[in-house]
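The sequence and its predicted three-dimensional model are supplied below.
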There are 2 protein chains.
Amino acid sequence: MSKDPFARVVAAIATPFQASGTGVDLELFSAHARWLLGSGCDGLVLFGTTGEAASLALAERKAVLEGLIERGVAPGRLVVGTGCCAVAETVALVVHAAQRGCAGALIVPPFFYKGVSEEGVRRCFDAMIEGCGTDLPPIYLYHIPQVSAVPLGPDLTGALIEAHGERIAGYKDSAGDWTNTAEIIRRFPQLHVYVGSEAQLLATLRAGGAGCISATTNVQPQASGRLAADWRSEAADTIQTGLTTVRKAMERHGQLISSTKAVLAEIHGEPAWRAPRPPLLPLGEAEEAALLAEMSELGLAPLGQSVS
Amino acid sequence: MSKDPFARVVAAIATPFQASGTGVDLELFSAHARWLLGSGCDGLVLFGTTGEAASLALAERKAVLEGLIERGVAPGRLVVGTGCCAVAETVALVVHAAQRGCAGALIVPPFFYKGVSEEGVRRCFDAMIEGCGTDLPPIYLYHIPQVSAVPLGPDLTGALIEAHGERIAGYKDSAGDWTNTAEIIRRFPQLHVYVGSEAQLLATLRAGGAGCISATTNVQPQASGRLAADWRSEAADTIQTGLTTVRKAMERHGQLISSTKAVLAEIHGEPAWRAPRPPLLPLGEAEEAALLAEMSELGLAPLGQSVS
């Protein structure tokens, strides 16, 4: 890495909706962002997969970013998910994030068409970067092929770096395939590489990666922050084991975004947190009870009480 | 079917881009729309998969619809593809199409999240229909799971009809699985069911379906129209065989949207037609030459000369 990463412990922050089911709840959202940044996270990804970016309208995404900044969330701590199917819309969101002083833009490639060529994906990034002109923050490539169905593998990453140099600042690997993560870190030492789960945080830091950007960091920022601070210490493996145990428990109980939101409702004592937007659904009652019981056993407690 | 369908031979009209690579070419677009409607099509789907809807920005989709209407394309002949990932954006496009007097809205469910529940998809349609209020044109369900990864199968279709009655007017089946098409036609006789390829047009009409909405109807509207007019005649099977032969040839030569655009460039004598937006790419030279040679053998000739 040519420079220090903007952050090492990054929550893919979940997005709370108003109980009425209409808009984003900016008060809950900004309170959660400030809590994460004061509890171990040094960065946030706004509007990632966990943030339900795809379920938010373009205008809403701009308004929410502005609302968070107005409520004291530092834009320099935010990388904003901006990838849309239409390049012109990605450009609009990237430019907006740049003009608000955000730390970067995390970009999933257009995801409607399947089986597209790497050349086609490269041209989307070319057009996007050209369209942004000078309003271009550091670009983070978002590899999540199990959702987007459009991979950003090592060869395509190399082609993008060749074309755009330092404008490609980083890479988020959410594929869950360590082979790919390790290859990206090895082949592109100039990139800030983030793994998509804190279960691989220690491995990523040891391999020379930047850190993690993770859904479940929403619920365990403290231990994640401790690991990033102490990863060269003797305690590192023990902290990692604790993080991994919580992560695996979260993965066992239903859709990960919904289970993250269920735990956040408990941590913050705010039931409105439970509900994602459709097509996602809240956890069922029994599933939620089982999840919360397991989280309690693992030491995750409501905010204000002792938190793991 | 409770009423006559709005049309039987429907091209999923391709979208031409300006040679400069920026905007939609409204002159080429409206000329092609008028040609299709005068050559055998009695309806068009604007902004389907073939129309590269996903690669167009929301504002652009509205402006293009208005531009086509201004150039004499009758909105009553248009069903508009309006499905976005964010329900609020689908609502905006559906309301816009309704206010412009379009014949309907073809809606693919939100397609970013994978493995979502039928209940979650149903709630998206519920919210969309509620959000449109009285600005709701007839709704056509768009089943294209090989692209969207979110199926709209018979049970979900039944649930939507139960909840929304006659507002669910039709169904486009692009899955290429005749079992599903036949089941939808049999279980929901009130729906106008369109198959996604004119290779199944005769089978669809014989089974009681409404017709086809197809990419390749862009290049063979005449024979498609003839089949819809004469499907009870002795000539029907022969006409179907001709349609199917052209369709299969198109499918053999590269990505179907790109091959459709290559043939349209030839038919209209307008090279700008060739280029899709990334992530799609134009056919390579050799592929295009092979396709056009085969089309020529099959009797598809430039516009103004004898066209099959």
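Nice, I can see it.

Does residue A:19 belong to a helix, a strand or coil?
Secondary structure, DSSP: H, G, I helix; E, B strand; the rest coil: residue A:19 is coil.

quick one: contacts for it?
Counting by C-beta atoms under 8 Å, 6 or more residues apart in numbering or on different chains, residue A:19 touches A:25, A:271, A:272, A:275. C-beta: built from backbone N, CA, C; applies to glycine.

Pull up the gap between the nearest residue to residue A:75 once chain neighbours are set aside and residue A:76, please.
In space, and not counting its chain neighbours, residue A:75 is closest to residue A:101: 4.2 Å by C-beta to C-beta, 6 or more residues apart in numbering or on different chains. When distance is defined by C-beta to C-beta, to the nearest Å, residue A:101 is 6 Å away from residue A:76.

again with residue A:226
In this view, residue A:226 and residue A:76 are 23 Å apart by C-beta to C-beta.

which one of those two has more residues nearby?
It is residue A:226, of residue A:226 and residue A:76, that has more neighbours when counted by other C-beta atoms under 10 Å in any protein chain shown, with 20 against 12.

Point me to the helix or strand that includes residue A:11.
Element membership of residue A:11 [criterion: DSSP states H and E] is strand A:9-12.

Any part of that strand near chain B?
No - judged by C-beta under 8 Å from any C-beta of the partner chain, strand A:9-12 stays clear of chain B, getting no closer than 14.3 Å.

Please export the C-alpha coordinates of that strand as PDB.
The C-alpha coordinates for strand A:9-12 follow below in PDB (Å, rounded to 0.1, in the frame of the first residue of the first chain):
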ATOM      1  CA  VAL A   9     -12.300  -1.500  10.700                       C
ATOM      2  CA  VAL A  10     -15.200  -0.500   8.500                       C
ATOM      3  CA  ALA A  11     -18.800  -1.400   9.100                       C
ATOM      4  CA  ALA A  12     -21.000  -1.800   6.000                       C
END
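
Partner strands of it, with direction?
Strand A:9-12 has the following sheet partners, assigned by DSSP bridges: strand A:43-46 (parallel), strand A:211-214 (parallel).

Can you say which of the ones you listed is packed in most?
For the strands paired with strand A:9-12, the largest average neighbour count (mean count of other C-beta atoms under 10 Å in any protein chain shown) is found in strand A:211-214, namely a mean of 30.

what mean pLDDT would you report for that one?
When pLDDT is averaged over strand A:211-214, the result is 98.

what does chain A have sitting close to chain B?
Along chain A, the residues adjacent to chain B under the rule C-beta under 8 Å from any C-beta are A:49, A:54-58, A:60, A:85-89, A:92, A:109-114, A:116-117, A:119-121, A:123-124, A:127, A:146-150, A:277-281.

make it 6 Å
By C-beta under 6 Å from any C-beta of the partner chain, the residues of chain A that approach chain B are A:54-57, A:85-86, A:88-89, A:110, A:112-114, A:116, A:120-121, A:123-124, A:147, A:278-279, A:281.

Mind checking which of those residues land in helices?
If you go by DSSP state H, the residues of chain A next to chain B have A:88, A:89, A:120, A:121, A:123, A:124, A:147 in helices.

Let me have those residues in CSV, adding pLDDT and neighbour count as columns.
Output for those, formatted as CSV (pLDDT from 0 to 100; neighbours: other C-beta atoms under 10 Å in any protein chain shown):
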residue, pLDDT, neighbour count
A:88, 97, 19
A:89, 98, 23
A:120, 97, 20
A:121, 98, 21
A:123, 97, 19
A:124, 98, 24
A:147, 96, 18
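
show me where the stretch 51-200 of chain A has strands.
In order along the chain, the stretch 51-200 of chain A carries the following strands (DSSP state E, counting those that start in this stretch): A:78-81, A:104-107, A:139-143, A:168-173, A:192-195.

now for the longest one, which elements pack on it?
Put plainly, it is strand A:168-173. Identification of packing neighbours for strand A:168-173 by 3 or more C-beta pairs under 6 Å, 6 or more residues apart in numbering or on different chains; DSSP states H and E yields strand A:139-143, helix A:178-187, strand A:192-195.

and the gap between residue A:172 and chain B?
To chain B, residue A:172 is 16 Å away according to C-beta to the nearest C-beta, to the nearest Å.

Isn't that residue up against residue A:139?
No - with contacts counted by C-beta atoms under 6 Å, residue A:172 stays clear of residue A:139, the gap being 11.2 Å.

Please identify which of those two sits among more neighbours.
The residue with more neighbours, out of residue A:172 and residue A:139, is residue A:172; 30 against 25, by other C-beta under 10 Å.

Can you name the residues bridging to the more buried one?
Beta-bridge partners for residue A:172, by DSSP bridges, are residue A:142, residue A:194.

burial of residue A:35, as a residue count?
Residues within reach of residue A:35, counting by other C-beta under 10 Å, total 18.

That should have said residue A:39, apologies.
By the measure other C-beta under 10 Å, the count of residues near residue A:39 is 17.

for it, what are its contacts?
A:221, A:222 (C-beta atoms under 6 Å, 6 or more residues apart in numbering or on different chains).

Kindly indicate whether it is helix, strand or coil.
Assigned by three-state DSSP, the conformation of residue A:39 is coil.

measure it to chain B for me?
28 Å.

State the pLDDT value of that residue.
97.

cool, residue A:300 as well?
You'll see residue A:300 listed with a pLDDT of 80.

Would you mind listing where chain A has pLDDT under the threshold?
Of all residues in chain A, those with pLDDT under 70 make up the ranges A:1-2, A:21, A:301-308.

The same query, at a cut-off of 80, please.
Within chain A, the ranges that satisfy pLDDT under 80 run A:1-2, A:19-22, A:301-308.

Would you mind measuring from the closest residue to residue A:143 other than its chain neighbours to chain B?
Spatial nearest neighbour of residue A:143, excluding adjacent residues (C-beta to C-beta, 6+ apart): residue A:152 at 4.4 Å. From residue A:152 over to chain B the distance is 12 Å, taken as C-beta to the nearest C-beta.

for residue A:152, phi and psi?
Main-chain torsions, residue A:152, degrees, to the nearest 10: phi -120, psi 80.

Let me know whether it touches residue A:140 as I believe.
No - look at residue A:152 against residue A:140 with C-beta under 6 Å: they stay out of range, at 10.4 Å.

and stretch A:151-171, which residues are buried?
A:151-152, A:154, A:156-157, A:159-161, A:164, A:168-171 (16 or more other C-beta atoms under 10 Å in any protein chain shown).

repeat for stretch A:98-112
Result for stretch A:98-112 [16+ other C-beta under 10 Å]: buried residues A:98, A:100, A:102-112.

ok, residue A:97 touching residue A:104?
No - taking C-beta under 6 Å as the definition, residue A:97 is not a contact partner of residue A:104, at 7.8 Å.

Now list whatever residues contact both of the two.
Common neighbours of residue A:97 and residue A:104, using C-beta under 6 Å, 6+ apart, are residue A:137.
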